[in-house]
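Q: With the sequence up front, the predicted model follows.
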Amino acid sequence: MYVRSGEESHAVNHYRGPMIMDRFLRDIPKAELHIHIEGSLEPELMLEIAARNRLVLAFDSVEELRKAYAFTDLQSFLNIYYQGTRCLLHEQDFYDMTWAYLNKARAQNVRHAEIFFDPQSHTDRGVPFETVISGIHQALLEAEQKLGLTSRLIICFLRHLSGKAAMETLHQALPFREWIAAVGLDSSEAGHPPEKFTLVFDQAREQGFLTVAHAGEEGPAEYIRQALDLLKASRIDHGVRCLEDPKLVDRLVADRVPLTVCPLSNVKLGIFGSMEEHPLKSMLDRGLFVTVNSDDPAYFGGYITENFAAVQQALGLGRHDIYGLARNSFLASFLRKDEKQRLLDELDDFMRKQIVISPA
């Protein structure tokens, strides 16, 4: 494990060079564990794919589309998000979307990504499940071969739909079992508790899938407890409202449950009024197992480096805090133990090579 020397610690604590810090945040090896691939669809590519598929969207230009990204809550975002998915019809569309994200991630030194996809957003429009997953899977394979970026795929059930619909989606996924690492739960949280999906998660675990769940973003801390107790989630996506329940915090700390926090998303959707109000630093201080991620980067103003930069600047995080978050991202991943160790060694080697130059 990387350990700072006293001299380096002094230099780090007093260094304020923004350009050096920006490069550090970009170049530090990291994993991304909370990224919705449909939420990485940038307006330029969305309009390009729509034109290729001869579809007319509600927006005529990139500028008009970006102006619509003024969200007041999760549902207002989802209304735009689901409009964007309409342009995705063919395997090439899903490949292009995924490949674009993977290239952006690699440029920010994401070494491993665990990617959510929402098949119900597409199958409900008549797009075959196989079309969706084949395009995504091909891009993931090429990213490992050409970019050295490993990945895992996580199928998410839309919680505003029924448990029965989720079960049907699980059955559609079974022929592609080897391509999917885990099942998750996303979409509108308020009013849709995890307990609604207990049966489908039970079935998913019987089929050998790992489980994760969005909980404690707009929904209460109780939803986190349900995700742990009823869905047996090994990771909680978001989880920022856990701080409302001290006993739950104690449990999360004791059990080392990873929380995949998405700072820009939380502020953009009004969960917190500003980045300075974000509890990520408090969560770290409480001993919670926190990671930083981008959620839906095309809509929320940044990929993983931009999320790191936002919390670093607003909350005064030092390099060792950033190192800890990057380390957490590898430890919380679904990689094998030897794969995790290889990336942790790469991270420690990166830190040892850092040259901290004091400002004039």
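A: Looks like it arrived, so ask away. These numbers come from a predicted model, not from an experiment. Numbers count the residues shown, from 1 in each chain.

Q: residue ranges for the strands of this structure, please.
A: Chain-ordered strands for the chain, with DSSP state E as the definition, fall at 30-36, 110-117, 150-158, 182-186, 210-215, 235-238, 258-261, 289-292.

Q: Return the most buried member of these.
A: Using mean count of other Cβ atoms under 10 Å, the stretch among the strands of the chain with the largest mean neighbour count is strand 30-36, at a mean of 29. In short, each C-beta sits where N, CA and C put it, glycine included.

Q: name the helices or strands packed onto it?
A: Here strand 30-36 touches helix 91-107, strand 110-117, strand 235-238, strand 258-261, strand 289-292, helix 304-315, helix 319-331, going by 3 or more Cβ pairs under 8 Å, 6 or more residues apart in numbering; DSSP states H and E.

Q: show me what contacts residue 242?
A: Counting by Cβ atoms under 8 Å, 6 or more residues apart in numbering, residue 242 makes contact with 216, 221, 224, 236, 248-249, 252, 259, 283, 288.

Q: hmm, I was thinking of residue 192
A: Residue 192 sits in contact with 159-160, 219, where contact means Cβ under 8 Å, 6+ apart.

Q: confidence score at it?
A: pLDDT for residue 192: 96.

Q: Distance of it relative to residue 272?
A: Summarising the geometry, the distance separating residue 192 from residue 272, computed by Cβ to Cβ, to the nearest Å, is 22 Å.

Q: related to what we said a few turns ago, pipe the contacts of residue 242 into TSV and attach distance to residue 86 and pLDDT per row.
A: Putting these into TSV (distance: Cβ to Cβ, whole Å; pLDDT from 0 to 100) gives the following:
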residue	distance to residue 86	pLDDT
216	30	97
221	35	97
224	32	98
236	30	98
248	38	98
249	40	98
252	38	98
259	32	98
283	36	98
288	38	98
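
Q: So which of those residues belong to helices?
A: When helices are assigned by DSSP state H, the members of the contacts of residue 242 inside them are 221, 224, 248-249, 252, 283.

Q: most surrounded residue in those residues?
A: Each of the ones in helices among the contacts of residue 242 was scored by neighbours using other Cβ atoms under 10 Å; the highest score is residue 224's, at 31 neighbours.

Q: I figured it hits residue 248, correct?
A: Yes. Applying Cβ atoms under 8 Å, one finds residue 224 in contact with residue 248, separated by 6.2 Å.

Q: what comes up buried for stretch 214-234?
A: Judged by neighbour count (16 or more other Cβ atoms under 10 Å), stretch 214-234 contains these buried residues: 214-228, 230-231, 233.

Q: before we move on, the earlier item: so which of the contacts of residue 192 is the closest to residue 46?
A: Looking at these and their distance to residue 46, the nearest is residue 160, at 22.3 Å (Cβ to Cβ).

Q: separation between the residue lying closest to that closest one once chain neighbours are set aside and residue 354?
A: Nearest in space to residue 160, with sequence neighbours left out and distances taken as Cβ to Cβ, 6 or more residues apart in numbering, is residue 188 at 4.4 Å. With distances defined as Cβ to Cβ, the gap from residue 188 to residue 354 amounts to 43 Å.

Q: coming back round to it: quick one: closest of the helices and strands packed on strand 30-36 to residue 42.
A: With distances scored as Cβ to Cβ, the stretch of the helices and strands packed on strand 30-36 nearest to residue 42 is helix 91-107 (7.0 Å).

Q: Now do the contacts for the residue nearest to the spatial centre of the chain.
A: Geometric centre of the chain, nearest residue: residue 34, 1.4 Å, by Cα atoms, centre = their mean. Counting by Cβ under 8 Å, 6+ apart, residue 34 makes contact with 114, 116, 237-238, 260-262, 291, 293-295.

Q: Tell me how many other residues surround the nearest residue to residue 308 once chain neighbours are set aside.
A: In this structure, residue 308 finds its nearest non-sequential neighbour in residue 25, 4.5 Å apart by Cβ to Cβ, 6+ apart. Applying other Cβ under 10 Å, we find 26 other residues in the vicinity of residue 25.

Q: Return the distance of residue 25 relative to residue 111.
A: The value you get for residue 25 to residue 111, if Cβ to Cβ is used, is 15 Å.

Q: Find the residue closest to residue 239 in space, skipping its chain neighbours.
A: For residue 239, the nearest residue in space outside its immediate sequence neighbours is residue 259; the separation is 3.9 Å by Cβ to Cβ, 6+ apart.

Q: So the one you found sits against residue 234, correct?
A: No. In this structure, residue 259 sits apart from residue 234 without contact. The criterion is Cβ under 8 Å, and the distance is 11.8 Å.
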